[in-house]
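K.L.:
I'd like to go over a predicted model; first the sequence, then the structure.
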Amino acid sequence: MKNILLLAAALVALPLAQAQKLVIKGSDTLGAKLVPQLAEEYKARHPGVSFEIAAEGSTTGIAAIIDGTAQIGMASRRAKPTEMSAAQAKGVSMKPTIVAYDGIAVIVNAGNPLASLTKRQIEQIFTGDVTDWSAVGGKPGRISVYTRNTSSGTYSDWKDLAMKKRDYASSSQKMAGNEQIAAEVAKNPNGIGYVGIAYIHADGIKVVPIDGGTPDKASVLSKKYPYARPTFYYTNGEPTGEAAKFIEFTLSADGQRIAERVGFVPLR
Amino acid sequence: MASSNSSTAGPGSFTIARRRVRFLGLSIDDCIRYFFGGNAFVAVIVLGLITIFLFREGAGFFAQNRDNLSVYRRAGLEFVDIMRRVETEHTDMTRDLFALRQRTLTYYLEKEKLPLAEANARLAAFDDYSGRFSDSIEGLRGFISDLGDAASATKTKFIVSQDQLEERNQLLAEGKTAEAAAVKIDEVNFDEEIRTLTGTLPLYKETSREFAREAQAVLDHPPQLPTPELTARLERFHGDARSFLGTLPGVEQELESWDWRRPVPLWRTVTSFVFGTRWLTASFWQDWYGVIPLFTGSLLVSAIALAIAVPFGIAAAIYVNQLASPAEQRLIKPCIEFISAFPSVVLGFFGIIFLGEHLRQLSNASWLSWVPGFPFSERLNALTAGCLLALLAVPTIFTLAEDALNNIPRSFREASLALGATKLQTIVKITVPAALSGMVSAVLLGFGRVIGETMVVLLCAGNRIAIPDFTEGLAVITQPVHTMTGIIAQEMGEVVRGSIHYRALFVVGMALFFLSLLINFFAQKIVRRYRLSIG
């Protein structure tokens, strides 16, 4: 009886003793789909590893590395100078690793007859210089612009990538996430918005080619498609232990295949 | 306890024979008293602490915004923005021209039944004209864009120097004095930077006059339009364009008198918040924290909600209180009060999935096109949010209005009936007027309920940070808006703690706090006046 109890205790304790907990925080671009799926696959291969994933924005990911509350910080942007200096002050060296590329696609309602837009027209639409579809060769109608909310990394990335750092039109509507933008554009015949390419297969929307380029693997990797950005894992110095193995897995052929499946552009 | 003891106690002894248990010198009664008193007191303290927290976090905004505005001036962004006004107005004018082309095209296609290619060919002269008008700004635009880059660079330099300062402070806070001393801070010489900006003024004048000449030349040769109505529109455009060109010397004067050294007074930071018409954050150029777009959005949504909820709530209250049978009362009252049990996020979800979509489809029905604002294409707008908020306001208004009616002494009603008035006359002439102030305060509190609601407006109001275009008349109700509560919920999640944006959100919270304080104050005041009138 006593032996059985001991055995039971040992069985309970064994995974506990071995359990490696990997804390990953940061960008919702990475944390919504890609990293959880990578984690599932990784768990299947390495039993006993558990994950805590919190996707609340790039800022929280970088802050978590600086404060040492996570082993891996996810970010859809590079660390800012103030963040770098804050890290230095605490003796933390921020090391970025590119995970995959995230292309941003311009979407319109599936019923929109528009075949293509130019970079200049995209800038005009999102800044509000142009407010009617007929000005860019479409069917007459007031353009409804849907954007991410101001605290999203994509919100400022888009200004950088597509709007020459100008401000959004005040008539633009701020949506909570990619899905919401896709849903509104799908229901609004005059809608236009941008989403990560993981979301371009939603019903009722279509992707607009920019200067003839569509956001696919070849055009992103060759930098022909203008609206693509790298995504990062941040670690404190060279990653070690389980974090290093997880990052290695992410960059492996299998990891990159998962990235491609959820809509990222793999590194190779 | 006292009554049960008194029966057993003999005459002459105390009514309560048992010695009281004392704990730390307090009897049980005292303990209970202090317990309740203490709880009430804790509530007051917590409320006080919340208020203090709100003000402590928010108060820093005004100083930070002053820095924000003074950098805007010192780095010369303000100078460039004065020039930019010309560019923006010109863009607006080209948009007018475009709308005119649209009208003419529709005329050719629908009235004269021309094929598209033919119609476009007839518009060639107009296209040439509008193209030349819109190109006339090119020189000026390039010039302003260059200046903008220069001013932006100065601002970036300043921010970098601030970052270096922060780095030094961070190192000092960690006790690393040697490293802190090694941090080099690149001071920005604003005087020098600005001189390169203002030095371009003569060139600006030249470019601006060149633009005016070109635009004037374009305006002198207007194209022919097919109908008098369209020609009149073109004439109006010419008038606008001429008066726009007339403002150019004024801009030049403003630029000449502009001085980067003029300090930004503290009241400017308050007025730029209270009367600011732009809420613009995470900008590469300049952040603005003006509450007006959010405030008007909140008001518009609340007004729609009240326009729906007041008739429903008041009428239901009058019916239930005055006309309904007891069985009906037992059914209706709990039903209406049950509405407030809905979590607002559920309502919001319902709004996105069902109400918004169906309202939009309804708006596209041709027999409803007379309704102002119909048809609309955005399913998330003030109307959708207002309809749902009305649902939340009805229970509040209903319950309080019913209470007000209940408070009317029976004698009022009986006297009226005794004098031969019918039931309806009594309601219209006696009961409702007597309860009117109570009802007004019910509406005010309903307003307070609606303006403080967050989830529904965040999900359904459309989140467009712009002052609703009231020139469209009643159609304004179908525009997307953003609200004060919505912006806090949407942006608080990811702002950096202690940053100006973070504090600005707290100031919005303070504004909401004062607003509901004001609403409650008036509601109370009105009720009190009503009580006096009964006596």
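P.N.:
Yes, it's here.
K.L.:
quick one: secondary structure of B:Glu87?
P.N.:
The three-state assignment at B:Glu87 reads helix, by DSSP: H, G, I helix; E, B strand; the rest coil.
K.L.:
ugh, typo on my part, it should be A:Gly193
P.N.:
Quick answer, by three-state DSSP: A:Gly193 is strand.
K.L.:
give me the neighbour count for the spatially closest residue to it that is not a sequence neighbour.
P.N.:
Using C-beta to C-beta, 6 or more residues apart in numbering or on different chains and skipping residues adjacent in sequence, the residue nearest A:Gly193 is A:Tyr146, 3.5 Å away. C-beta: built from backbone N, CA, C; applies to glycine. A:Tyr146 has 27 neighbours, counted by other C-beta atoms under 10 Å in any protein chain shown.
K.L.:
beta-bridge partners for A:Tyr146, please?
P.N.:
Beta-bridge pairing of A:Tyr146 under DSSP bridges involves A:Gln173, A:Gly193.
K.L.:
quick one: it from B:Ala153, how far?
P.N.:
32 Å (C-beta to C-beta, to the nearest Å).
K.L.:
again with B:Ile28
P.N.:
75 Å.
K.L.:
what's near enough to touch residue 108?
P.N.:
I'll assume chain A. A:Leu114, A:Val185, A:Gly191, A:Ile192, A:Ile205, A:Lys206, A:Val208 (C-beta atoms under 8 Å, 6 or more residues apart in numbering or on different chains).
K.L.:
chain B was what I was after
P.N.:
B:Tyr108 neighbours (C-beta under 8 Å, 6+ apart): B:Leu114, B:Glu118, B:Ala119, B:Arg122, B:Leu123, B:Pro226.
K.L.:
low-scoring stretches of the chain, by residue?
P.N.:
By default, I'm working from chain A. Scanning chain A for pLDDT under 70 picks out the ranges A:1-19, A:151.
K.L.:
that's the other chain; I wanted chain B
P.N.:
Within chain B, the ranges that satisfy pLDDT under 70 run B:1-20, B:530-535.
K.L.:
give me the helices and strands touching the top helix by length along it, please.
P.N.:
In chain B, taking DSSP state H as the definition, the longest helix is helix B:28-74. Contact analysis of helix B:28-74 by 3 or more C-beta pairs under 8 Å, 6 or more residues apart in numbering or on different chains; DSSP states H and E lists helix B:138-173, helix B:266-274, helix B:500-534 as its packing neighbours.
K.L.:
what's the closest of those to chain A?
P.N.:
Ranking the helices and strands packed on helix B:28-74 by proximity to chain A (C-beta to the nearest C-beta) places helix B:138-173 first, at 3.6 Å.
K.L.:
got the residues of the stretch 401-535 of chain B near chain A?
P.N.:
Neighbours of chain A within the stretch 401-535 of chain B, by C-beta under 8 Å from any C-beta of the partner chain: B:462-466, B:480, B:482, B:490-491, B:493-496.
K.L.:
over to the stretch 251-400 of chain B?
P.N.:
By C-beta under 8 Å from any C-beta, the residues of the stretch 251-400 of chain B that approach chain A are B:278, B:280-285, B:293, B:352, B:357, B:360, B:377-380.
K.L.:
sort out for me which of those residues are in strands.
P.N.:
B:Leu280 (DSSP state E).
K.L.:
nearest to chain A among the residues of the stretch 251-400 of chain B next to chain A?
P.N.:
The nearest one, if we look at these relative to chain A and count by C-beta to the nearest C-beta, is B:Phe284, at 3.8 Å.
K.L.:
wait, doesn't the closest one sit right on A:Lys159?
P.N.:
Yes: shown here, B:Phe284 and A:Lys159 form a contact pair, counting by C-beta atoms under 8 Å, at 6.3 Å.
K.L.:
who has more neighbours, those two?
P.N.:
A:Lys159 (22 against 16).
K.L.:
would you map the helices across chain A?
P.N.:
A:2-18, A:28-31, A:34-45, A:58-67, A:81-89, A:119-127, A:153-162, A:178-187, A:217-221, A:241-251, A:253-261.
K.L.:
rewinding a little: might you report the residue contacts of the residue nearest to A:Gly193?
P.N.:
A:Ser172, A:Gln173, A:Met175, A:Ile181, A:Glu184, A:Val185, A:Gly191, A:Ile192, A:Gly193.
K.L.:
with adjacent residues omitted, what lies nearest to the fourth one?
P.N.:
In this case it means A:Ile181. In space, A:Ile181 is closest to A:Gly193, 4.1 Å off (C-beta to C-beta, 6+ apart).
K.L.:
how deep is the one you found tucked in, by neighbour count?
P.N.:
A:Gly193, neighbours per other C-beta under 10 Å, totals 28.
K.L.:
for it, what are its contacts?
P.N.:
A:Val106, A:Ile107, A:Val145, A:Tyr146, A:Thr147, A:Met175, A:Ile181, A:Ala182, A:Glu184, A:Val185.
K.L.:
compare those residues and tell me which has the most neighbours.
P.N.:
A:Val185 (29 neighbours).
K.L.:
check contacts around the nearest residue to it once chain neighbours are set aside.
P.N.:
Nearest in space to A:Val185, with sequence neighbours left out and distances taken as C-beta to C-beta, 6+ apart, is A:Gly191 at 3.9 Å. When contacts are counted by C-beta under 8 Å, 6+ apart, A:Gly191 touches A:Val108, A:Asn109, A:Ser144, A:Tyr146, A:Glu184, A:Val185, B:Ser377, B:Glu378.
K.L.:
can you check B:Pro372 too?
P.N.:
Residues near B:Pro372 by C-beta under 8 Å, 6+ apart: B:Glu472, B:Gly473, B:Leu474, B:Ala475, B:Ile477, B:Thr478.
K.L.:
measure the residue lying closest to the fourth one once chain neighbours are set aside to chain A for me?
P.N.:
In space, B:Ala475 comes closest to B:Gly373 once its chain neighbours are excluded; the distance is 3.7 Å by C-beta to C-beta, 6+ apart. From B:Gly373 across to chain A, the span is 13 Å (C-beta to the nearest C-beta, to the nearest Å).
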